[in-house]
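# sequence and predicted structure are below.
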Amino acid sequence: MRIHDITLTISNSLVTYPGDPSIQITRVHSIGKDSSSNLTKLDMGAHTGTHVDAPVHFIEGAPGSETLDLKILIGPAIVVDATKEESISSKSLDNLNIPEGTERVLFRTRNSENWKAKWRQFAPDFVAITKDGAEWLVEKGIKLVGIDYLSIGPFRHGAPTHTVLLEAGVIPVEGLDLSAIIPGVYFLVCLPLKIEGSDGAPSRAVLVEDFPVP
């Protein structure tokens, strides 16, 4: 059994989505100076790095991240090679050979090269899912969809994509690092922090290869 960590490392230099809070990791107590232990303060947004979106992110009055179904966040997932796509639309999805009955799909796009190259600046031309692509995924019964950049929807035009998915109960996972992942079938474990009422939550996400079947 091999475990692939597809989580971005949170650091002060990790890129954030424009308008989101910056990341500040501060050591507030240090051993030998003023304390018998080290203590770190985290100051960052709920959509930092690898994270999930909750329905309330785009739907006023909808549930927060603490209500997300773990049965959707854990289970078989297919990593799809979308490296030749400039956007993930219904047309492109028709040609990506996603098997019938798939419930969790993660798109490996050219975005992953940004993480591989350790880019520290936001890339507004990232590959994202269009509104009609989101409608295609909902129609096919997808329950979880992941992307290898900080938003599942296009830059400055992400609301339609998010709204289609969240209204249908689909869980978006954003900020995945799929740069070292070969497309195929894996077992996904994605566990967001349990934050009451939050519109999103940072997550640790791994793909398990050769997962033992009982």
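Alright, I've got the coordinates.

# give the contact list for the residue most central in space within the chain.
Taking C-alpha atoms, centre = their mean as the criterion, Glu174 is the residue nearest the geometric centre of the chain, at 2.1 Å. Residues touching Glu174, when contacts are defined by C-beta atoms under 8 Å, 6 or more residues apart in numbering, comprise 47, 50-53, 146-147, 149-152. (C-beta placed from N, C-alpha, C; glycine too.)

# for it, phi and psi?
Geometry field for Glu174 lists phi and psi as phi -120, psi 160, criterion degrees, to the nearest 10.

# ok, Thr67 next?
Per-residue torsions, Thr67: phi -100, psi 0 (degrees, to the nearest 10).

# isn't it up against Ala54?
Yes - using C-beta atoms under 8 Å, Thr67 makes contact with Ala54 at a distance of 7.3 Å.

# the two: who's more crowded?
Relative neighbour count places Ala54 above the other of Thr67 and Ala54, with 26 against 13, counting by other C-beta atoms under 10 Å.

# if I look at that one, how far off is Ser30?
In this structure, Ala54 and Ser30 are separated by 35 Å, where distance is defined by C-beta to C-beta, to the nearest Å.

# low pLDDT regions in the protein?
Per-residue confidence for the chain (pLDDT under 70) gives these ranges: 212-214.

# pipe the contacts of Glu174 into a markdown table and attach secondary structure and distance to Gly184 per row.
Below are these laid out as a markdown table (DSSP: H, G, I helix; E, B strand; the rest coil; distance: C-beta to C-beta, whole Å):
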| residue | secondary structure | distance to Gly184 |
| --- | --- | --- |
| His47 | coil | 28 |
| Thr50 | coil | 20 |
| His51 | strand | 24 |
| Val52 | strand | 22 |
| Asp53 | strand | 25 |
| Gly146 | strand | 14 |
| Ile147 | strand | 17 |
| Tyr149 | coil | 21 |
| Leu150 | coil | 24 |
| Ser151 | coil | 25 |
| Ile152 | coil | 21 |
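
# now, of the residues you listed, which are buried?
By neighbour count, with 16 or more other C-beta atoms under 10 Å, the contacts of Glu174 hold 47, 50-53, 146-147, 149-152 as buried.
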